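*Asks:* Turn this into a structure:
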Amino acid sequence: MAFRFAKGTPVLHQLLDPTLDITFKILLLRHPDLLRDMIEAVLDLKSPIEHLEVINPEIPKEFPADKTIVLDIRVLLQDGRQIDLEMQSTFPPGTLTRFHYYWAKAFSECITRGEDYTILRPCISIFWFKEPVLQSPRLHSIFHLSEDESHEVFSPEIEFHVLELPKLQLASAHRQARLERWARFLTARTVEDLEDLAREDATMIVAKNALEELSLDSEAQRLARERETAVLVHRHLLSSSMERGRAEGRQEGQAAMLERMLTKKFGAAPAWVQDRLRNATAAELDTWADRILVADSIETVFGK
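*Replies:* Have a look, this model is predicted:
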């Protein structure tokens, strides 16, 4: 939901959902220190990031009604590495392929024609998932391009980090406390959850205050509501399309079976029969299937 209701306190607090991509992006854009800390936590950096630049700080005006618009955060670090950070609340078909495409596009933009390939620096993609995606029970999975058996890395420039929030409770014994705190922040359901985090770490104090401040912003509220509506509509259309595809698949299978039955009983089906089968409704196919059991001619099956 665009808002989260925290009922653990006497006063009902209404907070924006940080796992909604628009809220996620605005929150981190307004507070670069939080963005820096999250990247350091995911990459487990031993030294702090001294400088970062957000390459795409804009929010497209037409984005709320278009779920196909990706609200990622592209960051350039001082050493030339590029980070693409994204919150993904749904997982429609083609999502992983899209990630490959966006990585390749970002990597190709790191160099211009005529420049030497040795200047290319790693492009690192970081994906937070609201739903489980991988078979691994780990909260944090890291992918490189490597040889299947020896695991020798082919190219260090390719790096994907997948963080699956539903697997927070399944995090390994070697988990990073800093990264886990971010996962707990993103999945917090009550004000008490956020207060517990704030007592543990100074960065979480900033994150809690930033989310509460953002939740009072009327423009942020409007954007979150519109974005959530777009997400819900997208999910409905996707679900309807898949169900329609399954129904059409069942109907095509039924028509093919009926044609085989007709062929066995009456010989090869003439063109007009094939045309009737191809354009039939589900109800017509059921009627013809019942008739074929007692019909003495193919014409009788179709009521001729």
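*Asks:* Could you list every helix and strand that the strand or helix carrying residue 199 packs against?
*Replies:* Using DSSP states H and E, residue 199 maps to helix 191-200. Here helix 191-200 touches strand 3-6, helix 177-187, helix 202-215, going by 3 or more CB pairs under 8 Å, 6 or more residues apart in numbering; DSSP states H and E. For the C-beta atoms, the positions are set from N, CA and C on the backbone; glycine is no exception.
*Asks:* Serialize these to a markdown table and add fields for mean pLDDT.
*Replies:* Shown next, in a markdown table, are the helices and strands packed on helix 191-200 (pLDDT from 0 to 100):
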| stretch | mean pLDDT |
| --- | --- |
| strand 3-6 | 54 |
| helix 177-187 | 94 |
| helix 202-215 | 95 |
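*Asks:* Report how many residues lie close to residue 145.
*Replies:* By other CB atoms under 10 Å, 12 other residues sit near residue 145.
*Asks:* So what sits opposite it in the bridge?
*Replies:* residue 155 (DSSP bridges).
*Asks:* Can you show me the strands along this structure?
*Replies:* Using DSSP state E, the strands assigned to the chain run over residues 3-6, 13-16, 52-54, 73-77, 82-88, 123-129, 140-146, 153-164.
*Asks:* re the thing from before, mind putting the helices and strands packed on helix 191-200 in TSV, distance to residue 48 and mean neighbour count included?
*Replies:* As requested, the helices and strands packed on helix 191-200 are exported to TSV (distance: least, CB to CB, whole Å; neighbours: other CB atoms under 10 Å):
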stretch	distance to residue 48	mean neighbour count
strand 3-6	30	17
helix 177-187	12	18
helix 202-215	12	18
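*Asks:* Can you say which of those is nearest to residue 58?
*Replies:* With CB to CB as the criterion, residue 58 lies closest to helix 202-215 of the helices and strands packed on helix 191-200, at 17.6 Å.
*Asks:* Could you list the low-confidence segments of the stretch 51-200 of the chain?
*Replies:* Under the criterion pLDDT under 70, the flagged ranges of the stretch 51-200 of the chain are 60-70, 170-175.
*Asks:* go again using 80 as the cut-off
*Replies:* 60-71, 90-94, 169-176 (pLDDT under 80).
*Asks:* send the alpha carbons of stretch 37-50 over as PDB?
*Replies:* The C-alpha coordinates for stretch 37-50 follow below in PDB (Å, rounded to 0.1, in the frame of the first residue of the first chain):
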ATOM      1  CA  ASP A  37      24.800   4.300   3.700                       C
ATOM      2  CA  MET A  38      22.500   1.900   1.900                       C
ATOM      3  CA  ILE A  39      25.000   1.400  -1.000                       C
ATOM      4  CA  GLU A  40      27.900   1.000   1.500                       C
ATOM      5  CA  ALA A  41      25.800  -1.600   3.400                       C
ATOM      6  CA  VAL A  42      24.900  -3.600   0.300                       C
ATOM      7  CA  LEU A  43      28.400  -3.600  -1.200                       C
ATOM      8  CA  ASP A  44      30.000  -4.200   2.300                       C
ATOM      9  CA  LEU A  45      32.500  -1.500   1.600                       C
ATOM     10  CA  LYS A  46      35.500  -1.300   4.000                       C
ATOM     11  CA  SER A  47      35.900   2.500   3.600                       C
ATOM     12  CA  PRO A  48      33.100   5.100   3.300                       C
ATOM     13  CA  ILE A  49      32.100   6.600  -0.100                       C
ATOM     14  CA  GLU A  50      33.600  10.000  -0.200                       C
END
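*Asks:* just how off-centre is that stretch within its chain?
*Replies:* How far stretch 37-50 lies from its chain's middle: 24 Å, per CA atoms, centre = their mean, to the nearest Å.
*Asks:* Residue 155 against residue 120, yeah?
*Replies:* No: here residue 155 does not reach residue 120: they are 9.8 Å apart, not a contact under CB atoms under 8 Å.
*Asks:* And the two? Which one has more around it.
*Replies:* residue 120 (16 against 11).
*Asks:* Contacts only, for the more buried one.
*Replies:* Residue 120 sits next to 107, 110-111, 157 when contact means CB atoms under 8 Å, 6 or more residues apart in numbering.
*Asks:* Throw those into TSV and include distance to residue 87 and neighbour count, thanks.
*Replies:* Shown next, in TSV, are the contacts of residue 120 (distance: CB to CB, whole Å; neighbours: other CB atoms under 10 Å):
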residue	distance to residue 87	neighbour count
107	21	18
110	23	17
111	28	14
157	24	18
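*Asks:* Alright, calling it a day.
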